[in-house]
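Undergrad: The sequence and its predicted three-dimensional model are supplied below.
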Amino acid sequence: MKLIFSVIIAAYNSEKWLNESMDSLIKQDLDFENNIEVIIVDDASNDSTKSICQDYVSRYPNNFKYIRNSENRGPSFSRNIGLEHATGQYINFLDSDDNLSKNTLKDVLAIFNNHSDVDLVSVPIYFFEAMDGEHYLNYKFDETRVVNLLEHPEYYQLSGPSSFIRKDAVGNIRFPDIITSEDVVFVNEVLINNPNIGLCKTGRYNYRKRKDKSSIIDNSQLKKGYYADRCNNYFKHLIDKSLDKYGKVAKFIQNVILYDIRWMLEVENIPEILDSNEMNDFKNSLKDVLSFIDEDSIMEYDLMDDDAKLKCLFAKYGKLSAEIVNQFDMNTVFIDVYDIIDNELYVLANVSNIYDREIDVYVNNQKIETRNVRFPQRNKYCIDSIYSKDHSFEFRLPLSKEKDFEIEFRQNNDTLDIDFSRPCNFSRVVGYAKTKDYLSILKENKIIIEKKTTLKWIKHEIKTIARMLKKREAGFHVGVPFRIAYMLGYPFLRNKHIWFYMDRPEVSDDNGEHLFKYAVDKDPNIKKYFIIRKDSKDFDRMKKIGNVIGFKSMKHRYLGMFAENIVTSHPDNEIIYPFWGRYPYFAGLLKSNNVFLQHGIIKEDISSWLNKTNMNLSFFLTSAKLEYESIFKYPYNYDENVVQLLGLPRYDNLENQKDKKQIVIMPSWRRNLDRKSHDYIKESEYFKRFNSLINSERLIEKAREYNYEIIFRPHPKVYAFIDMFDENDYVKIDYDRIRYQTLFNSGSLLITDYSSVAFDFAYLYKPVIYYHYSDDYHFDAEHSFFDYKTMGLGEIANDEDCLIDLIVEYMENDCKIKEEYYNRIKDFYLFTDKNNCKRVYEAIKKIPLKD
């Protein structure tokens with residue numbers, strides 16, 4: 001019996017999801033046994049995929065076919081094999097971890113039955129598991145219909161699995177052997193031959209975004225074949241097919257290519273993936289592809305913002321002409337910092353500049369002096385070339401309550417629009433900002449500063465709330481009630497001194513906790529609160545020390561609008577601001593200083609993250625002279641009064657406990673492993689090296705001989721795959737059960753790679769060994785004041801044998817520190833008097849308040 005649908009499933013190690021996928025076919029509204037054929041091509045799986053498939057074959061012998069490849073060949077090969085065995089009138093390529101809604105096949109069939117001129121029907125894609133929501137292109141499914149892509153190129157199709165194809169239209173078309181997007185090539189060859197596409201609004205393709213990120217597409221950008229090969233075997237292939245058919249590259253094919261070029265150009269670390277020859281091949285191949293893409297197609301492409309379009313045009317032409325740049329709205333100045341302190345306004349701003357044109361600032365129609373500030377980390381790159389340089393500037397303006405000030409930004413005598421970056425305490429959503437004495441009002445393209453009175457402020461606030469209620473934009477439902485609550489509480493809380501202390505939201509045990517312990521009984525006029533999640537294991541312990549507020553609780557959000565200082569070891573905006581996702585709705589009322597206690601000692605240049613435009617720190621703590629100097633060497637751009645050399649608070653509570661014999665292994669993380677699958681991580685050198693070390697028979701044997709305990713404490717980002725490490729009966733794998741300071745105090749010898757925990761350990765004059773098996777760390781050693789060979793606080797081991805030799809040598813000598821490293825430690829730290837907390841606390845009290 002010939003069935004209507006052939007669903008081809010290419011499966012590889014799909015035991016977790018295969019039942020769900022195949023059951024979604026069996027449960028279709030369209031009778032399964034009389035209409036649906038399922039062809040599973042097992043790509044040499046080594047899990048239980050085979051037995052699962054065989055079970056379905058035994059239950060539905062007329063509907064299920066099982067084919068197994070002798071070796072792993074990839075999804076293209078498997079789907080092509082499936083095509084050879086398909087007998088249905090219509091073909092679908094369901095992924096083995098996805099599924100279809102029960103009405104999908106019935107509704108798709110109705111379109112085919114009613115439209116004989118259609119060879120491909122598409123259904124909307126919805127994400128589930130690790131990500132919710134729908135696909136970018138679901139806008140085209142506003143109704144069920146048939147469109148011609150030559151007339152409506154905006155309805156282009158990308159996905160193969162969400163497509164249903166008339167088998168007669170497939171002919172000799174096959175999936176190409178490329179890393180990703182093989183289905184895009186396949187379906188668009190079909191659509192080039194017949195550009196009529198059916199759009200089935202009521203169908204639903206459920207696309208699983210795996211939590212373990214083990215799918216091919218999740219890891220594809222790290223592979224060399226994602227670049228030049230993709231240009232040649234995907235983009236250029238479709239270009240050639242379109243040229244053969246139409247004598248030109250059809251607009252819908254240009255849109256298909258632009259969709260993936262956009263993602264390709266957003267990869268930031270291409271120079272780390274490709275060598276120089278591969279990079280040249282990629283850029284030349286991409287330029288060749290873009291020569292077939294019309295400039296108008298790029299300019300009209302809705303899924304690219306202006307930056308993406310400029311990047312794409314730069315890749316196309318190798319430069320950006322004035323004619324191109326003039327097509328974009330480049331007439332906006334973005335204010336990064338807007339602070340009024342002690343009757344002085346400070347502004348740090350930037351403008352998107354392709355060309356280096358000066359920005360003039362006028363106050364009451366008089367030009368004032370500004371200073372250029374460079375943040376090279378804000379330069380915009382296309383692959384490995386800068387297409388737009390940062391143009392930041394700052395100025396200070398003395399204020400007086402006796403007169404108003406009108407501020408205007410001009411470029412070539414044209415007045416620029418004004419917008420605000422986050423976390424600037426000003427936003428267009430609110431339209432004004434207040435301090436104790438002044439109101440700053442955004443009016444058209446100017447900022448008006450005038451003396452604040454309570455009546456004026458309330459009038460502006462009521463207008464703001466009314467505007468939010470009228471526009472009802474995303475976030476108003478949070479902003480409006482909190483702003484009303486702020487007005488009601490203002491008379492009672494405006495003069496309260498509220499300080500928040502924080503470490504990470506889920507755990508304390510860092511400089512925030514240690515300073516909080518010191519400060520909790522000081523200055524009773526200052527209300528001090530420690531912020532941590534209520535479900536944290538440290539929550540109850542911190543309550544015994546002082547006042548504790550649950551992270552992102554109503555109280556945290558409300559008091560956060562009145563807080564003077566947020567004292568934290570982690571200054572990330574999304575951590576310190578409990579309303580960060582809706583920040584623009586709270587801007588204008590906030591007055592808190594971001595007081596950064598640090599998480600450790602900075603060795604490398606991390607100004608790309610910790611610079612003034614990102615954080616606007618009011619206090620930046622350092623602990624070593626060279627560290628302090630490095631903050632001014634690299635483009636953080638903080639003033640000297642912000643950066644303070646006082647010592648880490650947690651060092652005050654370090655105690656050398658010599659009664660325990662412990663080897664502590666505590667490696668750092670590798671940023672290139674962020675968001676990677678478990679399989680990818682398991683194959684990384686990072687995982688293999690440390691898994692081998694903690695299971696070394698020689699190390700364990702010697703530790704037993706000298707009666708040393710071995711504790712492996714990985715970085716918190718390792719906890720997600722901690723079960724992948726091989727376990728033995730000797731090494732204790734600890735993840736967040738023993739407090740860091742306890743490990744520092746009780747440990748005898750520390751093994752790390754690049755982690756700053758070495759500074760805590762060495763502070764107690766204990767030995768450290770650096771395990772540098774390769775140069776795979778994500779910070780560039782050239783941008784670091786700390787030279788491990790000449791300044792390191794311990795020896796460097798480049799391989800496991802050398803490392804174990806050194807560990808054994810230390811155990812043989814009761815882990816006594818060597819004189820060379822004793823002297824280095826003595827020279828490195830400025831303060832060892834256990835008064836860091838006192839110095840830091842007194843310095844924080846001197847920080848000028850913003851209100």
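TA: Nice, thanks for sending it over.

Undergrad: Am I right that Ile340 sits in a strand?
TA: Yes - counting by DSSP: H, G, I helix; E, B strand; the rest coil, Ile340 falls inside a strand.

Undergrad: Name the residues that touch stretch 623-633?
TA: Contact partners of stretch 623-633, identified using Cβ atoms under 8 Å, 6 or more residues apart in numbering, comprise 598, 601-603, 605, 620, 622, 638, 640, 643, 645-648, 651, 759, 784-786, 828-831, 836. (Glycine included, C-beta is placed from N, CA and C.)

Undergrad: Would you mind checking these for buried ones?
TA: 598, 601-603, 605, 620, 622, 638, 643, 645-648, 651, 759, 784-786, 828-831, 836 (16 or more other Cβ atoms under 10 Å).

Undergrad: quick one: which of the contacts of stretch 623-633 sit in strands?
TA: Among the contacts of stretch 623-633, DSSP state E puts 620, 622, 643, 645 in strands.

Undergrad: can you redo these as JSON lines with pLDDT and distance to Ile665?
TA: Converted to JSON lines, these look like this (pLDDT from 0 to 100; distance: Cβ to Cβ, whole Å):
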{"residue": "Phe620", "pLDDT": "99", "distance to Ile665": "31"}
{"residue": "Thr622", "pLDDT": "97", "distance to Ile665": "28"}
{"residue": "Val643", "pLDDT": "98", "distance to Ile665": "33"}
{"residue": "Leu645", "pLDDT": "98", "distance to Ile665": "31"}
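
Undergrad: okay if I get those residues as CSV plus distance to Glu143?
TA: Output for the ones in strands among the contacts of stretch 623-633, formatted as CSV (distance: Cβ to Cβ, whole Å):
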residue, distance to Glu143
Phe620, 56
Thr622, 61
Val643, 60
Leu645, 66
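
Undergrad: from these, which two are the most distant?
TA: Maximum pairwise distance in the ones in strands among the contacts of stretch 623-633, criterion Cβ to Cβ, is 10.0 Å, between Phe620 and Leu645.

Undergrad: what ranges do the helices span in the stretch 651-800 of the chain?
TA: 678-682, 685-694, 697-705, 740-746, 757-763, 788-791, 800-812 (DSSP state H, counting those that start in this stretch).

Undergrad: Let me see the contact set for Tyr234.
TA: By Cβ under 8 Å, 6+ apart, the contact set of Tyr234 is 176, 178, 181, 184-185, 260.

Undergrad: Recalculate using a threshold of 7 Å.
TA: 178, 181, 184-185 (Cβ atoms under 7 Å, 6 or more residues apart in numbering).

Undergrad: After the worst-scoring helix or strand of the chain on mean pLDDT, which helix or strand is next? Please name it.
TA: Scoring the helices and strands of the chain by mean pLDDT, DSSP states H and E places helix 216-219 at the bottom, with a mean of 50. Counting by DSSP states H and E, the next helix or strand C-terminal to helix 216-219 is helix 228-230.

Undergrad: Determine the next helix or strand in the C-terminal direction from that following helix.
TA: Following helix 228-230 in sequence, per DSSP H and E, is helix 236-246.

Undergrad: In TSV: the helices of the stretch 651-800 of the chain, plus mean pLDDT and distance to Asn196.
TA: Formatted as TSV, the helices of the stretch 651-800 of the chain follow (pLDDT from 0 to 100; distance: least, Cβ to Cβ, whole Å):
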stretch	mean pLDDT	distance to Asn196
helix 678-682	86	41
helix 685-694	95	50
helix 697-705	97	67
helix 740-746	91	64
helix 757-763	94	63
helix 788-791	93	65
helix 800-812	97	63
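
Undergrad: most tightly surrounded among those helices?
TA: Of all these, helix 757-763 carries the top mean neighbour count, a mean of 24, counting by mean count of other Cβ atoms under 10 Å.

Undergrad: Using a markdown table, lay out the helices of the stretch 651-800 of the chain together with distance to Asn69.
TA: Shown next, in a markdown table, are those (distance: least, Cβ to Cβ, whole Å):
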| stretch | distance to Asn69 |
| --- | --- |
| helix 678-682 | 19 |
| helix 685-694 | 28 |
| helix 697-705 | 39 |
| helix 740-746 | 49 |
| helix 757-763 | 47 |
| helix 788-791 | 48 |
| helix 800-812 | 37 |
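
Undergrad: Ile484 is nearest to which of the ones you listed?
TA: Ile484 lies closest to helix 740-746 among these, at 42.3 Å (Cβ to Cβ).

Undergrad: Identify the residues contacting the closest one?
TA: 509, 650, 653-657, 660, 662, 664, 711, 713, 760-761, 764.

Undergrad: how about a cut-off of 10 Å?
TA: 507, 509-510, 513-514, 650-651, 653-662, 664, 666, 709, 711, 713, 734, 738-739, 750, 757, 760-764, 766 (Cβ atoms under 10 Å, 6 or more residues apart in numbering).

Undergrad: doesn't Phe828 make contact with Thr790?
TA: No - counting by Cβ atoms under 10 Å, Thr790 stays clear of Phe828, with 11.9 Å between them.

Undergrad: all strands for the stretch 151-300 of the chain, in order.
TA: 163-166, 196-199, 205-209 (DSSP state E, counting those that start in this stretch).

Undergrad: Do me a favour and average the pLDDT over the longest one.
TA: Confidence over strand 205-209 (mean pLDDT, whole number) is 94.

Undergrad: CA atoms only for it, dumped as CSV, please.
TA: Extracted C-alpha coordinates of strand 205-209, given in CSV (Å, rounded to 0.1, in the frame of the first residue of the first chain):
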residue,chain,number,x,y,z
TYR,A,205,6.9,22.3,14.1
ASN,A,206,8.3,22.0,17.7
TYR,A,207,12.0,22.7,17.6
ARG,A,208,14.0,21.5,20.6
LYS,A,209,16.8,23.8,21.7
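
Undergrad: Kindly spell out which helices and strands sit in contact with that strand.
TA: Packing contacts for strand 205-209, counted by 3 or more Cβ pairs under 10 Å, 6 or more residues apart in numbering; DSSP states H and E, involve helix 18-26, strand 99-100, strand 125-129.

Undergrad: so which of those gets nearest Ala587?
TA: That would be strand 125-129 among the helices and strands packed on strand 205-209, by Cβ to Cβ, at 31.4 Å.

Undergrad: Pull out the buried residues from the closest one.
TA: Buried residues in strand 125-129 (16+ other Cβ under 10 Å): 125-126.

Undergrad: what about the helix or strand immediately after that strand in the chain, distance to the chain center?
TA: Per DSSP H and E, the first helix or strand lying C-terminal to strand 125-129 is strand 133-134. How far strand 133-134 lies from its chain's middle: 19 Å, per Cα atoms, centre = their mean, to the nearest Å.

Undergrad: hmm, who's touching strand 133-134?
TA: In contact with strand 133-134 (Cβ under 10 Å, 6+ apart) are residues 124-127, 141, 204, 207, 209.

Undergrad: Give me the below-cutoff pLDDT ranges for this structure.
TA: For the chain, applying pLDDT under 70 flags the ranges 1, 212-219, 222, 776-782, 851.

Undergrad: Just give me the closest of the contacts of Tyr234 to Asn525.
TA: Taking the contacts of Tyr234 together and measuring to Asn525 by Cβ to Cβ, the closest member is Ser181, at 63.3 Å.

Undergrad: OK, contacts around the closest one?
TA: Counting by Cβ under 10 Å, 6+ apart, Ser181 has contacts 158-160, 188, 217, 220, 226, 230, 233-235, 256, 259-260.

Undergrad: Weed out the non-buried ones from the residues you listed.
TA: Burial by neighbour count, 16+ other Cβ under 10 Å: within these this picks out 158-160, 188, 220, 226, 230, 233-235, 256, 259-260.
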